[in-house]
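>>> Quick one, what's the 3D model for this:
(one chain, ligands or ions: 1)
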Amino acid sequence: MMRIVLAGPQLDGLEISEPAASVRLLVRWPGEPFEIPTWNGNEFLLADGRRPALRTFTPVSLNDHGLTLDIVRHGGGAAADWAETVAPGEPCAISGPGRGEAIEPSAGRYVLLGDETAIPAIEQLLGVIAHDVRIDVHIEIVDDCAQLDLATHPGAAVTWHVTTPGDAPGATLRRAAEATDIDERTRVWAAGEAAAMQAIRKHLFDDRKIPRDHTTVRGYWKVQR
Ligand SMILES: Cc1cc2nc3c(=O)[nH]c(=O)nc-3n(C[C@H](O)[C@H](O)[C@H](O)COP(=O)(O)OP(=O)(O)OC[C@H]3O[C@@H](n4cnc5c(N)ncnc54)[C@H](O)[C@@H]3O)c2cc1C
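Now for the predicted structure:
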């Protein structure tokens, strides 16, 4: 995970009020200069007709120091490459924010499931859920060393799941979702690889008949098949 702080007067006026919100980050393609794309009425395109490197991240914080993002290094991809190679002062662009999570005040328990890309969002949820609410947190990591000290919440029990070689991304989260009790006062929030999230959605809605408005399940990235 790389922590990047974006700063500049262009951030003036940006406001982020909800937890687990998002911003779109525009970066250069690896080895190329930064270029602002133009809108063709349908999509943003670079001058040579290619799509720009535009990716979604969770704003960790926004204050006088700037906008902080935590970007997972996954060995490929324009944003991951940019995070590893960017020099201080290089340009990029931001748009947003995208919607975050509205906390349900009547919930008695939250189940939070996510991989490393969801850690910033989970931290924010831990920071805003009332202290008398029980929270079961399941985080999938590819390496034991990736365990972090999360925001403290008196009702939170955090389980770190290290993936086993051969497991599809999100498999441990799917198993955790299947194994957990869910009653009518429980709310579920999950984010991670798209196919795993689709499987969790299907399990919650089809097998367990959980009302859709008791859950938020979001595909944060996609394995290229
Ligand atoms: C609402 C929202 C919030 C998000 N917040 C964060 C955040 O705070 N931090 C964060 O790191 N990500 C976050 N993500 C996920 C991030 O947008 C994706 O991981 C994105 O694909 C990374 O772009 P990239 O250019 O590095 O890789 P891409 O060019 O998109 O993908 C290149 C290759 O890498 C693979 N890949 C992409 N992401 C991962 C990954 N995480 N692990 C393993 N393989 C991967 C793809 O399958 C593809 O094969 C968020 C996504 C959403 C929708």
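>>> and the residue of this protein nearest the ligand?
Residue of the chain nearest the ligand, by Cβ to the nearest ligand atom: Gly77 (2.1 Å). The way it works is simple: take the backbone N, C-alpha and C, and place the C-beta from them, glycine included.
>>> partners of the residue nearest to Arg51 when sequence neighbours are not counted in the sheet?
In space, and not counting its chain neighbours, Arg51 is closest to Leu45: 6.6 Å by Cβ to Cβ, 6 or more residues apart in numbering. Beta bridges link Leu45 to Thr38, judged by DSSP bridges.
>>> Show residues contacting stretch 135-143.
Identification of contacts with stretch 135-143 by Cβ atoms under 8 Å, 6 or more residues apart in numbering yields 109-116, 118-119, 122, 125-126, 129, 147, 150, 153, 155-163, 169-170, 172-173, 176-177, 180, 192.
>>> can you rerun that using 6 Å?
Here stretch 135-143 makes contact (Cβ atoms under 6 Å, 6 or more residues apart in numbering) with 110-116, 129, 153, 155-163, 172-173, 176.
>>> buried stuff in stretch 114-121?
Gly114, Asp115, Glu116, Thr117, Ala118, Ile119, Pro120, Ala121 (16 or more other Cβ atoms under 10 Å).
>>> Kindly check the end-to-end length of stretch 98-113 for me.
Start-to-end span of stretch 98-113 (Cα to Cα, to the nearest Å) is 20 Å.
>>> before we move on, which element is Leu173 in?
Element membership of Leu173, judged by DSSP states H and E, is helix 171-179.
>>> for Arg24, same thing?
strand 22-27.
>>> for this structure, what spans make up the helices?
Ranges of helices in the chain, per DSSP state H, are 78-85, 119-128, 171-179, 194-202.
>>> can you list the domains in this protein?
Taking automatic domain parsing as the reference, the chain has its domains at 2-98, 109-221.
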